[in-house]
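Undergrad: Build me a structure from this.
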Amino acid sequence: MTVFSGLTAGERTLMVLAAVLTAGAAVCQVADAPGVLRFVICAGALASVAWLVGFSTEIIGTRFGPGVTGVMQSTLGNAPELFVVLFALAAGQTIVAETAIFGSIFSNALLILGITIIVGAHAAPDGVMRFGHRLPNDTATLLLMAVFIITMVGLSGYANDRASHHLVAISVVGAICLLVVYGAWLHAYLRHDIRTNATAVQDRPHPEAASVSFRAAIILLGAAGIAAAFVSDWFVGAIDPAVSSLSLPKPFVGLVIVAIASNAVENVVGIQLAAKQKNELAMSIIKNSIAQIAVFLYPVLVLISLMFATHLTFAVSGILIGGLALTAISVWQITGDGEATAFEGWALVGLFVILAALFFFE
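TA: As a prediction, the model looks like this:
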C-alpha cells in the first residue's frame, strides 16, 4: 500500500513480525496448545504489538499533542484490563478482578514510571528528566480521591458499622462521583492541550517527517489496539498453566505477572518515548493510564458489575488500601515538580519490588 511506502526496512520487518506472532498466538489459542508454548508466543506477540502501538502513537503525537495522544493510547492500552475484569466478574472471581485493577495501578505508577524516569534521565544531557508538572499533580489529586473513597469504605467495613451493610450502594455513589470528577478534569485537560499544541505547531518551522502518513498511523493504532486486547486475554489465560509448576501464589500472579502483561503496551511505549527524550508524551501515556484505571475503569466496572451476580465494590483489603495511598504520595513527591532524576526512578522500582515480595508471601 502506498500509505506505508515511507517505512524503513527495519520497520517493515517489525510489522511483519507483529502480524506473524499475533497470528501464531491465535492459532495456539484455538488449538489449545500447551500453556508454556502459549505463554511464550503470546508474550512475543504482546511485545511486538506494543512496539506497533508506540510507533503509531509517536506519529499521531505530532498532530494532536501529548495530552490527546496520551488519552487515546491509554484508552487502547487499558482495554485488556476491562476484558480481564469483566471475565473474572462473570466467573464470580472477585479477588482476580481486584488484583487485576490494583496490580495495573501499582505496575504503571511504580515499576513502569520508575523505569521510564531512569531511561529519560540517562537520555537527558544533564541527567534530569523534565516534563510539565500539571499532569503529575492532577494525577495525584485523582489518585488521592480514589484513595479517600476506598479508605472510607474499608474503615466502615472493618468497624462493621451500619454503613458497612450498604457497601454496594455506597460504592455506586462513589463510582458516580469519581466519573463526574474525571470527566470534568478530562474536558479541561484536553482543551488546554489542544490550545497549547495549536500554538506549538504555528511556532514550529520544520515539522518532523514521519515514516507513514497520519491516516496510516490511525489505522495502525486501531488495529494494534484491538490486537493488544485479544493477545492480552490469551496471555492471561496461558499464565496459570505456565506458572503452576513453579507454585507461585495467586496474589503474586494477579498483582505482578498479570498486571505487567496486560499493561505491556504502556510498558514498552513509555520507555521507548523517554529514550527518545519525548518526555511529555511518555509521561502523558503513563500518567493518563494510571488516572484512567483508578478513577474511570474501576468506577465503570463497579457499575457494570451490578449486572452480574458478583458485585465489585470499593471494599478491599488493608494491604491494597495502604499500597494505593503510599503509591499516590510517592508518585506526587517524585514527579510533582516536573522533573526527576535516575535515583528517584530507582526508588519507584524499589517500592514495586517490595510490594511484589509482600504479595509473593501472601
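Undergrad: Now for G157, how many residues are close by?
TA: By the criterion of other C-beta atoms under 10 Å, G157 has 18 neighbours. Bear in mind the C-beta positions are built from the backbone N, C-alpha and C, glycine included.
Undergrad: what's the pLDDT at it?
TA: pLDDT recorded at G157 is 82.
Undergrad: got it, and I271?
TA: pLDDT recorded at I271 is 87.
Undergrad: Pretty sure it sits against T116.
TA: Yes. Between I271 and T116 there is a contact under C-beta atoms under 8 Å: 5.5 Å.
Undergrad: Mind listing the shared neighbours of the two?
TA: Among the neighbours of I271, those also in contact with T116 (C-beta atoms under 8 Å, 6 or more residues apart in numbering) are A282.
Undergrad: Which residue of the two possesses the greater neighbour count?
TA: Between I271 and T116, T116 has the larger neighbour count (other C-beta under 10 Å), namely 29 against 19.
Undergrad: Helix, strand, or coil at that one?
TA: helix (DSSP: H, G, I helix; E, B strand; the rest coil).
Undergrad: Tell me which residues touch it, please.
TA: Counting by C-beta under 8 Å, 6+ apart, T116 touches G270, I271, A274, A282, M283, I286, G345.
Undergrad: try 10 Å
TA: 108, 129, 266-267, 269-275, 279, 282-283, 285-286, 340, 345, 348 (C-beta atoms under 10 Å, 6 or more residues apart in numbering).
Undergrad: What count of nearby residues applies to A357?
TA: A357 is flanked by 11 other residues according to other C-beta under 10 Å.
Undergrad: Kindly provide the distance from it to P249.
TA: Remark: distance between A357 and P249 (C-beta to C-beta, to the nearest Å) = 11 Å.
Undergrad: do G350 as well
TA: According to C-beta to C-beta, G350 stands 21 Å off from P249.
Undergrad: Likewise for A238?
TA: A238 is 18 Å from P249, by C-beta to C-beta.
Undergrad: So for the two, which sits in the more crowded spot?
TA: The neighbour comparison of A238 against P249 (other C-beta under 10 Å) goes to A238, with 25 against 13.
Undergrad: Would you tell me what helix or strand that one is located in?
TA: Using DSSP states H and E, A238 falls within helix 214-243.
Undergrad: Just to confirm, what's the three-state secondary structure of G92?
TA: Classification of G92 using three-state DSSP returns coil.
Undergrad: neighbours of it, just the number please.
TA: Per other C-beta under 10 Å, the neighbour tally for G92 reads 11.
Undergrad: next one: V27
TA: Neighbour count for V27, taken as other C-beta under 10 Å: 12.
Undergrad: Going forward, count from 37.
TA: That works, and once the first residue is 37, the last one we named lands at V63.
Undergrad: Leaving out chain neighbours, which residue sits closest to the residue nearest to the spatial centre of the chain?
TA: Among the residues of the chain, the one closest to the centroid is S325, at 4.4 Å (C-alpha atoms, centre = their mean). Spatial nearest neighbour of S325, chain neighbours left out: S110 (4.2 Å); criterion: C-beta to C-beta, 6 or more residues apart in numbering.
Undergrad: Which other helices and strands does the helix or strand V208 falls within contact?
TA: Assigned by DSSP H and E, V208 belongs to helix 203-239. Counting contacts by 3 or more C-beta pairs under 10 Å, 6 or more residues apart in numbering; DSSP states H and E, helix 203-239 packs against helix 71-100, helix 102-113, helix 170-195, helix 315-328, helix 334-340.
Undergrad: what does the average pLDDT come to for it?
TA: Helix 203-239 carries an average pLDDT of 81.
Undergrad: Which residues are in contact with A81?
TA: A81 sits next to 53-62, 64, 263-264, 266-268, 270-271, 300 when contact means C-beta under 10 Å, 6+ apart.
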